[in-house]
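Student: coordinates only, sequence not included:
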Ligand SMILES: Nc1ncnc2c1ncn2[C@@H]1O[C@H](COP(=O)(O)OP(=O)(O)OP(=O)(O)O)[C@@H](O)[C@H]1O
Ligand SMILES: Nc1ncnc2c1ncn2[C@@H]1O[C@H](COP(=O)(O)OP(=O)(O)OP(=O)(O)O)[C@@H](O)[C@H]1O
Ligand SMILES: [Mg+2]
Ligand SMILES: [Mg+2]
């Protein structure tokens, strides 16, 4: 059974058809990519899954449960996490605190405890901090734990958002262009991180323009164009699909 | 009791709380001038009990909490021996628990909310004519002589004026007059909606009660709206006589204070005040001047600043003030005549005086 | 020609550029290469007058332009696109382009440049009546580039124009840059994407933590071992 | 029926003043993202300056109106230069601190005028007839007609300027993104100054018209400002066209409430409208673009 | 641990303070300070931590003041008034919070201000219940068993104890995960939602606590002064609350406390300025916002960070 199943997803913004009748699946413990030209509707699909937008038509099934229209903040409980295309995390917080925030939804102390049991609050805080350091280590940011988030350069911002997503103990990770603005070396590191995550039992759905990365680590690729699905398949199939080359990859694709 | 030793000092300290900032300061500043004026005159004549009088002045902004804070300071820090103030009834209300607690006389000829006077506060001496009192005194006379059948009130939404509207509406309808009540918020500039409504209702007489400033504006717009009926107010503000002369021609007043009332006390007051400030006084200025007259007279008769003796002396007051002749009842409530008057051709004249028979 | 000599620049107390010197000659395209946070954007900010320099000299065609305000530099013909896709979201695509030509009053130039931009980026023409805020991330990037072209500048700076663009569009942009270069405009490009960055450039400067670590002809830099390792994944 | 049409006319007159107040407020918000809590004080200041020029120095009404409003525009520039310093504090902080600063400014201006000029009310003498004229069943005055005509023509001119002129577009561009505006050669500081000056100029005209139609006093700006907020919210923050529609709407609704419900609740209406609009259509009733 | 000591010593000082003070006037000011601490600390939850400038906060103080006034004037006890006041502010802040917290920045400011003004006009015009601007007079004192909080000293203890409870509760809220969510949501709402933080829910907790605390302050002032009028929710009141928070330092626990002390005492020291006073307040606010946006607490932390203070301590030690 797929972990995530999207059926006939459609989203209009006023007159703009951002996403039209898209269906796709994400198998457990896989890395799946959505690619497509700019404005194809990739981010919109992620926003629909993660509850930022409500679909006009269609349904989203996660782990057998229909989650269509669930608000964003309910998805952490279902173990779905995401990163954003223009990552800025929590600019004024320390890196480690920013990651700790990701575990608050687990609600180990309630309102009553917050006011009447400061010890309990303190203990849970320590525990979250430890978990956060682990998550930071996974993405290679442990050295930066006490830096202010806003002082991280762009590449590390993206890593930080991944650490935050990881700290929620998510089973499904939605990533929006994590490689954007990274140089070649950093992209290699990112691929390592993604593989690690997969090995630890996380399923990944990634939106990316960086073809090297997509082709190397993804098992399955869905291609969107103008809101519609135009192709689906393995990296090899996609790379050699004339429709995809025409609409998206362009003439240099052979060299990628 | 806390200032038992104050008697020994070489000054008589009187606390004055007025709205000296904010919108109400228009009245507050003029009232303060009257208070200063009479104090300077008394001091120039050698003061009272052989001592000079010193005023301790605070801004209460016509607000309860601010006035209460000011009183607390005047009484406990500056050790004043009597208080004057604090203009608006809600502000004065803040003073009442304080004077009761420290046993300091508060003399007030301005605040019109009778709820204050009915509290049974032994240290609060209130003697302006309450709206309900004026209504009782003047309405039957007005209805009869002006032949009122249908009336409307227009007042500013402020403590005393709202009460005015209520008691007048009650008094008028008791005599079979049809009444509609209208109020507008402080700071209103455009009266067109109210005036349109009034025009539609077509009352024969309009009872108005508002500050002198709003009054000018209202009366001008009333005139522009083509209103032809009669007009009645409590007191004539000098500003109306100056700036809305045309608009108030023929207007009636059921007045506490009348500028031209021909008594020696009033003549002296009006002339002195005009000389000092260049403006004629009106009711609230007269009210504070009267408060000082009452207080000074009582101090003279008591021969001491001891609070209990002072209290006794105030209760025995029997004197002429600017607004008539005043006496207090056992509860510290006083009053004077109500003067029905009319403004015509730039002058105000008393038509009929209705004697005070108690609150 | 643009000439920077020993530029030092800071954000608050943190110094970010150290004695940076570089030149761009007429008709030339120069690429700034460097890791995250190396100072590429900062260099462009300094040139465009958004960030004041602490010391050093900036000359443009022999005239010192140090300390001139951002808008007067635009009048001098220096234009820059910003990496954060700073477009005017509530204005239509067309209005965005019109404002891009703010310093030109000549209606003809505006019309020619606008058709040129529409020729480069077809989507923009299709969406010209829509508020720019409704464009996708990549479309906004195109609009930002198009806007910079509107006033026929003498020096164009692009800050990571490939960011978030589909491969096919990177191709288009690279074609566009080639065309622009043909018209004699000087181009200063910041890139992480070496394919684009090195393809058309005549010369390359490599920045490392605010210092110029290496400069030279594109061919020479490409064959430098350190560069191969760090940027070419080789 | 007669009463209703009279009330609607009354609403149009006061609504015209609201347009001038809110139009200024909304463009200052639009361009600079400042909610100017001292805007009402500029309205009052314009009226007082005009009072001095016209009543005391015996200037012609229109000359006084223009001069006073230009002066207020200049004062607006000074204020803008000061508020400009908040620019480098980050967006949310900027909104927060400019509001606080203008709250402080409004206290300074209103209370200083109260002390210096005294708390009494005055009327600006326009010399234009205020005698009632019957137009059908409705009573109007020449001056009230002038107010409506002035408000509408000024806002039409300004609206066209904003939509089509080069500078108007530059202003809207600066609305949205300063760094980007600078990058196309717009001098942002000039735009900010011009915007603040125009906004203050417009509200000053409103104050002067009210001052000669009704009266002026030092605290007249406070309620006026709250009204302007209501209009701006109705029309959508930053939308000039919205301010025009919102102004008329608020004026008429207020008049009708006052006429048929209770005059006391007239002022509460605007606040209840704000809350209702923001509950159901936060972008304003007339704003197409949602943020 | 060190913090605890400071706290305990502070409490001890507050407890013996009345012994050292004979002036009733100063006791009066101390009571006002305690009430203002409650106002400012509660406002700070929204305007400091959640990060929205609330110009509607005084409405809650006024609501509770009217509630308790109406109850105790109709024969209920002050304590019943307190419970009713808490329930009313709780309900109103819950529902109004739902509306207003959807809005940000300028929209939040204007709506919250409109909310307060609407209630202000309601209180001014609903004569049959509120007596309008005449206000409700003669509100009875608070009493417990036979003991009446009549004297300044007794009321001082009542208000100081409540103020301490409020400040401690605010501190614990801020330090708890709930407090962390406020910062997270302020910094990046979308990301916060993605990690399961429901902005509406958590900011509403702040809003409700702030509203109820302000209500408790309103309850105290109603029974202390004995009069409730529309001034209890006026524009001036919210401006002075805001001044306290800003001058002290928003987003800190100590800031509003310091601000409350200063703003309560300031008018008393500026009385000599007569009617220039309000202009001077405006000027202070204006200058603070420009030159010291973080308030006194910012000054304090710069001194600490620059090491002025510690180097001074060190040099002292060396001398010894
Ligand atoms: N809030 C919105 N309102 C109106 N239109 C929108 C909105 N968001 C996106 N769109 C439109 O929907 C389409 C898809 O946008 P989306 O952001 O999903 O593209 P994308 O595939 O992520 O592109 P990119 O690779 O450039 O980020 C675009 O044409 C865009 O203009
Ligand atoms: N506004 C700012 N305030 C403080 N420091 C900044 C600011 N902008 C950039 N920096 C710092 O200056 C350094 C250089 O940044 P710059 O943006 O010039 O790098 P870049 O080479 O463009 O990197 P990237 O590839 O990530 O865009 C970085 O360490 C960055 O953290
Ligand atoms: Mg996208
Ligand atoms: Mg950069």
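Tutor: All right, it came through fine. What you see is a predicted model, and the numbers here were worked out from it, not measured in a lab. Numbering: from 1, shown residues only, chains lettered A, B, ... in the order given. Ligands and ions are numbered 1, 2, ... in the order given.
Student: contacts, neighbours, all on C-alpha from now
Tutor: Will do.
Student: residue of the stretch 101-250 of chain A nearest ligand 2, please.
Tutor: Closest to ligand 2 within the stretch 101-250 of chain A is residue A:154: 4.5 Å, counting by C-alpha to the nearest ligand atom.
Student: just the helices in chain C please.
Tutor: Secondary structure of chain C (DSSP state H): helices at C:40-47, C:70-75, C:93-100, C:107-120, C:122-126, C:137-149, C:167-182, C:194-199, C:218-223, C:225-231.
Student: and the stretch 201-320 of chain E, by the same measure?
Tutor: For the stretch 201-320 of chain E, applying DSSP state H, counting those that start in this stretch gives helices covering E:235-248, E:254-269, E:277-291, E:295-306, E:308-319.
Student: so what's the closest residue to ligand 2 within the stretch 51-200 of chain E up against?
Tutor: Nearest residue of the stretch 51-200 of chain E to ligand 2, counting by C-alpha to the nearest ligand atom: residue E:187, 16.8 Å away. Residue E:187 is in contact with A:89, A:90, A:91, A:92, counting by C-alpha atoms under 8 Å, 6 or more residues apart in numbering or on different chains.
Student: can you get me a residue count around the last one?
Tutor: The burial count assigned to residue A:92 is 15, neighbours taken as other C-alpha atoms under 10 Å in any protein chain shown.
Student: contacting residues for residue E:42?
Tutor: E:166, E:170, E:209, E:210, E:211, E:213, E:214.
Student: do I have it right that the last one meets residue E:38?
Tutor: Yes - contact between residue E:214 and residue E:38 holds when scored by C-alpha atoms under 8 Å: they sit 6.5 Å apart.
Student: what strand or helix carries residue E:141?
Tutor: Using DSSP states H and E, residue E:141 maps to neither a helix nor a strand.
Student: got any ranges where chain D has weak pLDDT?
Tutor: Applying pLDDT under 70 to chain D flags the ranges D:1, D:87-91, D:282-284, D:286-291.
Student: could you pull out the helices for it?
Tutor: Using DSSP H, helices in chain D cover D:2-32, D:39-51, D:61-83, D:91-117, D:142-164, D:166-176, D:178-183, D:188-213, D:220-235, D:240-260, D:266-280.
Student: list the buried residues of the third one.
Tutor: By 16 or more other C-alpha atoms under 10 Å in any protein chain shown, the buried positions in helix D:61-83 come out as D:61, D:64-77, D:79-80, D:83.
Student: what packs against it?
Tutor: On a contact count with 3 or more C-alpha pairs under 8 Å, 6 or more residues apart in numbering or on different chains; DSSP states H and E, helix D:61-83 meets helix D:39-51, helix D:188-213.
Student: for residue D:256, give me its contacts.
Tutor: Applying C-alpha under 8 Å, 6+ apart, the residues near residue D:256 are B:193, D:4, D:7, D:8, D:11.
Student: for the third one, give me its contacts.
Tutor: Same thing as residue D:7. B:192, B:193, B:196, D:252, D:255, D:256, D:259.
Student: for residue D:257, see how far away it is.
Tutor: 9 Å (C-alpha to C-alpha, to the nearest Å).
Student: list the contacts of residue C:104.
Tutor: With contact set as C-alpha under 8 Å, 6+ apart, residue C:104 has these partners: C:110, C:151.
Student: what's the most distant pair in the contacts of residue D:7?
Tutor: B:196 and D:252 (13.5 Å; C-alpha to C-alpha).
Student: tell me which of these two has more neighbours.
Tutor: residue B:196 (24 against 21).
Student: and the helix or strand hosting that one, what does it pack onto?
Tutor: Residue B:196 is part of helix B:192-201 when elements are defined by DSSP H and E. Secondary-structure packing of helix B:192-201 (3+ C-alpha pairs under 8 Å, 6+ apart): helix D:2-32, helix D:240-260.
Student: residues contacting residue 229?
Tutor: Using chain A here. In this structure, residue A:229 makes contact with A:21, A:22, A:23, A:222, A:223, judged by C-alpha under 8 Å, 6+ apart.
Student: that's the other chain; I wanted chain D
Tutor: Residue D:229 touches D:22, D:25, E:110, counting by C-alpha under 8 Å, 6+ apart.
Student: burial count for the first one?
Tutor: For residue D:22, the neighbour count with other C-alpha under 10 Å is 38.
Student: got it, and the last one?
Tutor: Using other C-alpha under 10 Å, the number of residues around residue E:110 comes to 26.
Student: likewise for the second one?
Tutor: Residues contacting residue D:25 under the criterion other C-alpha under 10 Å number 34.
Student: any idea how far it lies from residue D:76?
Tutor: Taking C-alpha to C-alpha as the measure, residue D:25 falls 12 Å from residue D:76.
Student: for the last one, same thing?
Tutor: The span separating residue E:110 from residue D:76 equals 22 Å under the rule C-alpha to C-alpha.
Student: got it, and residue A:190?
Tutor: 53 Å.
Student: just to revisit the earlier point, would a markdown table of the helices and strands packed on helix D:61-83 with distance to residue E:225 be doable?
Tutor: Formatted as a markdown table, the helices and strands packed on helix D:61-83 follow (distance: least, C-alpha to C-alpha, whole Å):
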| stretch | distance to residue E:225 |
| --- | --- |
| helix D:39-51 | 33 |
| helix D:188-213 | 39 |
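Student: tell me which of the ones you listed is the most buried.
Tutor: Scoring the helices and strands packed on helix D:61-83 by mean neighbour count under mean count of other C-alpha atoms under 10 Å in any protein chain shown gives helix D:39-51 as the most buried, with a mean of 30.
Student: tell me which parts of chain A are close to ligand 2?
Tutor: Neighbours of ligand 2 within chain A, by C-alpha under 6 Å from any ligand atom: A:151, A:152, A:153, A:154.
Student: show me which of these neighbour chain C.
Tutor: Checked against chain C using C-alpha under 8 Å from any C-alpha of the partner chain, those yield the following neighbours: A:153, A:154.
Student: buried ones among the residues of chain A next to ligand 2?
Tutor: A:152, A:154.
Student: now tabulate the contacts of residue E:42 in CSV and tack on neighbour count and pLDDT.
Tutor: What follows is those, written out as CSV (neighbours: other C-alpha atoms under 10 Å in any protein chain shown; pLDDT from 0 to 100):
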residue, neighbour count, pLDDT
E:166, 23, 96
E:170, 24, 95
E:209, 24, 96
E:210, 28, 97
E:211, 34, 97
E:213, 31, 97
E:214, 33, 97
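Student: ok so, going back, what about the contacts of residue A:229, which are in strands?
Tutor: Among the contacts of residue A:229, DSSP state E puts A:21, A:22, A:23, A:222, A:223 in strands.
Student: since that was my last question, I'll sign off now.
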